[in-house]
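[1] Got a predicted structure here, sequence first:
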Amino acid sequence: MSYMPSHGTDGTDGLHIDMRHCPSPPILKGRIEDVEFGTMFTPNMFMMRYHKGEWKEARVEPVTEIRLHPGATVLHYAQEVFEGLKAFRQTSGDIVLFRPEMNARRINESAKRLSMPSIPEPLFLEAVRRLVEVERNNVPPAPGCLYIRPTLIGVTPLVKVSPANEFLFYILTLVTGPYFKGTSGRDAGAVNVFVAQSVTRASRGGMGAVKAGANYSGTLEITAKAFKAGCAQVLFLDARDETRIEEMGGMNVCFVADGALVTPPLSGTILPGITRDSLMTIARGLGIPAREEPLDIVAIIEGLESGRVTEAMACGTAAVVTGIKSFQFEDGRVVNVPGPTPGPVSTRLFDAIRAIQYGDCPDENGWIRTICRGETATD
């Protein structure tokens, strides 16, 4: 099979997507809850190459090793950006994507910051669609999903601080369940969060709003320290005052204060999360006040202790909505979130976004994109 868009009318300039192998057989043998996030790759991938100013050689093929010159810019100067989105098997059997246009736009914003070529949005979306279509038998029902990882890397052999002129764009898919073990479903547990006091993630004018591998590698040491302390994530504070809350190592953070959902504003130092944006819209639709405002860790801790702040939650494509039960500081302090975790607002938001993604309620915001219908989803 192949896809050939009409020449020059949709941003793909007639690029042919060659289909080498399809469809895949199911690879999940046990329970989705037992699958460690990020480990179960499906058999196929999408790949294309940027050379002499244009994208070419687009194809879906069996996952294969990528051969790089040891001087490739991705290896020496971290010229790499990526995205994360999911395909869901709805209760009807339809396989869908959730707001993929936002991922297409965000990867291009990230690419621009790292002096990389943009990927035409129709081409990005079609590449994702074609790969998910091939892997449709590997999209599990709730609470599982197919995690999708588009990645753009510089491959020019060039050992000097200068952008590449050749690039690879590829997409991997993974069968996955909950991001945090034991946190699937509305009655699941919550996680402890480690507050970084010695390490910052980003600063004004830096790459905090960019989804680049370099942003995450700098957090690995403090994240390992958090794991040893029994925490599942790290909460980072701003680099200037070291008191403003920004985001966690792999997701955004929200609080419920005086009955309202609050989250830090997009100031260029945090990632504009798609789940974060969706939850703000969903909250308002549920009658829950929702706003962006600067959040100070001292004020949040005081609010938790006084009862003014009643809930804290991690939110992201991988984590969805996960309750936070405590904040542990590097200096040894531990502050617990009062009441049950996840709390009532966190649970309502979790239920609402999952109901949209899995087709259990109407998609009133027009966020769902159907890949294939139920009658063909398991052909």
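    Noted; the coordinates are in hand.
[2] could you show me where the helices are in the stretch 201-350 of the chain, in order?
    Assigned by DSSP state H, counting those that start in this stretch, the helices in the stretch 201-350 of the chain fall at 213-217, 220-228, 274-285, 297-306, 344-357.
[3] Need those helices in JSON lines (columns: mean pLDDT).
    Shown next, in JSON lines, are those (pLDDT from 0 to 100):
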{"stretch": "helix 213-217", "mean pLDDT": "92"}
{"stretch": "helix 220-228", "mean pLDDT": "95"}
{"stretch": "helix 274-285", "mean pLDDT": "98"}
{"stretch": "helix 297-306", "mean pLDDT": "96"}
{"stretch": "helix 344-357", "mean pLDDT": "97"}
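[4] Can I get these in CSV including mean neighbour count and distance to residue 363?
    For every residue, glycine as well, the C-beta is placed using N, CA and C. As requested, the helices of the stretch 201-350 of the chain are exported to CSV (neighbours: other Cβ atoms under 10 Å; distance: least, Cβ to Cβ, whole Å):
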stretch, mean neighbour count, distance to residue 363
helix 213-217, 15, 31
helix 220-228, 15, 35
helix 274-285, 20, 11
helix 297-306, 16, 33
helix 344-357, 20, 6
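[5] For residue 32, which of the ones you listed is the nearest?
    helix 344-357 (14.3 Å; Cβ to Cβ).
[6] Next secondary structure element downstream of that closest one?
    Downstream of helix 344-357, the next assigned helix or strand under DSSP states H and E is strand 368-372.
[7] Pull out the buried positions in that next one.
    Within strand 368-372, the residues that qualify as buried are 368, 369, 371, 372, counting by 16 or more other Cβ atoms under 10 Å.
[8] From the contact counts, what lies against whichever strand or helix holds residue 81?
    Using DSSP H and E, the element containing residue 81 is strand 80-82. Using 3 or more Cβ pairs under 8 Å, 6 or more residues apart in numbering; DSSP states H and E, the elements in contact with strand 80-82 are helix 100-113, strand 145-154, helix 213-217.
[9] between the helix or strand just after the second one and strand 145-154, how many degrees?
    On the C-terminal side of strand 145-154, the nearest following helix or strand under DSSP H and E is strand 167-176. Interaxial angle, strand 167-176 versus strand 145-154 (axes from the mean of the first three to the mean of the last three Cα atoms, to 10 degrees): 160 degrees.
[10] Report the distance from the very next helix or strand once past strand 167-176 to the chain centre.
    Later in the chain than strand 167-176, the nearest helix or strand by DSSP H and E is strand 191-195. Distance, stretch centre to chain centre, for strand 191-195: 19 Å (Cα atoms, centre = their mean, to the nearest Å).
[11] mind listing what strand 191-195 pairs with, with the direction of each?
    Sheet pairing of strand 191-195 (DSSP bridges) gives strand 233-237 (parallel), strand 320-329 (parallel).
[12] and stretch 180-194, how far apart are its ends?
    15 Å (Cα to Cα, to the nearest Å).
[13] And for stretch 284-296?
    Span of stretch 284-296 from end to end, Cα to Cα: 23 Å.
[14] just how off-centre is that stretch within its chain?
    Here the centre of stretch 284-296 is set off from its chain's centre by 21 Å, with Cα atoms, centre = their mean.
[15] can you list contacts of it?
    Defining contact as Cβ atoms under 8 Å, 6 or more residues apart in numbering, one finds that stretch 284-296 is touched by 243-245, 255, 259-266, 279-280, 283, 345, 348-349, 352, 364.
[16] Go again with 6 Å.
    By Cβ atoms under 6 Å, 6 or more residues apart in numbering, the residues outside stretch 284-296 that reach it are 243, 244, 245, 260, 261, 262, 263, 264, 265, 280, 283.
[17] chain center to the strand holding residue 81, what's the gap?
    12 Å.
[18] just stretch 304-312 next, same as before
    On Cα atoms, centre = their mean, the centre of stretch 304-312 falls 27 Å from that of its chain.
[19] Alpha carbons only: can I get it in CSV?
    Output of stretch 304-312 as CSV, limited to C-alpha atoms (Å, rounded to 0.1, in the frame of the first residue of the first chain):
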residue,chain,number,x,y,z
LEU,A,304,-1.2,22.5,51.9
GLU,A,305,-0.6,22.9,55.6
SER,A,306,-3.5,25.4,56.1
GLY,A,307,-6.0,23.4,53.9
ARG,A,308,-6.3,26.1,51.3
VAL,A,309,-4.6,23.9,48.7
THR,A,310,-6.4,20.6,48.7
GLU,A,311,-5.0,18.7,45.7
ALA,A,312,-1.9,18.4,43.6
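[20] In CSV: the strands paired with strand 191-195, plus distance to residue 210 and mean pLDDT.
    Converted to CSV, the strands paired with strand 191-195 look like this (distance: least, Cβ to Cβ, whole Å; pLDDT from 0 to 100):
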stretch, distance to residue 210, mean pLDDT
strand 233-237, 15, 96
strand 320-329, 23, 96
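[21] Mark which of the contacts of stretch 284-296 are buried, thanks.
    Buried subset of the contacts of stretch 284-296 (neighbour count, 16+ other Cβ under 10 Å): 244, 245, 261, 262, 263, 264, 280, 283.
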